[in-house]
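1. take this sequence and fold it.
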Amino acid sequence: MFLKTIKDFFLKKIIKKRLPNYKLTVTTEKIQTIGLLLDESYFSAQDNLIKELVAQGIPEKNISILIYKDKIKKKEVFDYPFFSRKDITLGGEPVKKEILDFCENPFDMLIGYYDVEKAPLVWVTLQSKAKFKAGFATIDKRLHHFMIATVAEKYQEFVSELFRYLKILNKI
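-> Below you'll find the predicted structure:
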């Protein structure tokens, strides 16, 4: 518990230092690849979310997923790459290769699918090289190009609103 608090403190300090200088880039490219950053602590229906994205015309092979979970049990098995607070050092460096690969991949769009602000999730969103970032309105407004005011459990509503506005913005 104490180590968790210390790690969160240092991550928040790093985020607070980098966020004022963080600039979202504007791109006119169409969205073909999606990075999906999920908080499985609050939302575990990632397969349903992926089906909704596929139904909107995004091929499943173009969707990359990274799952965050607060506590990972020793024998727990995941279908997708995952990480926890333990996989990021106090200095804000990733320990797992999956985190680094996800952050370095220049997705056309990153979906930050978490509606509760947690330091490791904000850190990955901040580090991501995605060209367009979408997320929930409850998260820091400086992180995303586009925010939707709903809750994570309403994934159909989130996806339909997102793609409705992406069509208006001529992104798809």
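
2. contacts and neighbour counts: CA atoms only from here.
-> Fine.

3. can you give me the strands in this structure?
-> 34-39, 63-68, 82-83, 109-113, 133-136, 146-148 (DSSP state E).

4. and the contacts of the last one?
-> By C-alpha atoms under 8 Å, 6 or more residues apart in numbering, the list of residues contacting strand 146-148 from outside reads 133-137, 141, 158, 161-162.

5. now do it, average pLDDT.
-> For strand 146-148, mean pLDDT rounds to 89.

6. same question, the third one
-> Per-residue confidence for strand 82-83 averages out to 87 on the pLDDT scale.

7. mind giving me the packing neighbours of that strand?
-> strand 63-68 (3 or more C-alpha pairs under 8 Å, 6 or more residues apart in numbering; DSSP states H and E).

8. just send the strands of the chain back as a markdown table, with distance to Lys75 too.
-> Formatted as a markdown table, the strands of the chain follow (distance: least, C-alpha to C-alpha, whole Å):
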| stretch | distance to Lys75 |
| --- | --- |
| strand 34-39 | 19 |
| strand 63-68 | 16 |
| strand 82-83 | 14 |
| strand 109-113 | 25 |
| strand 133-136 | 31 |
| strand 146-148 | 35 |
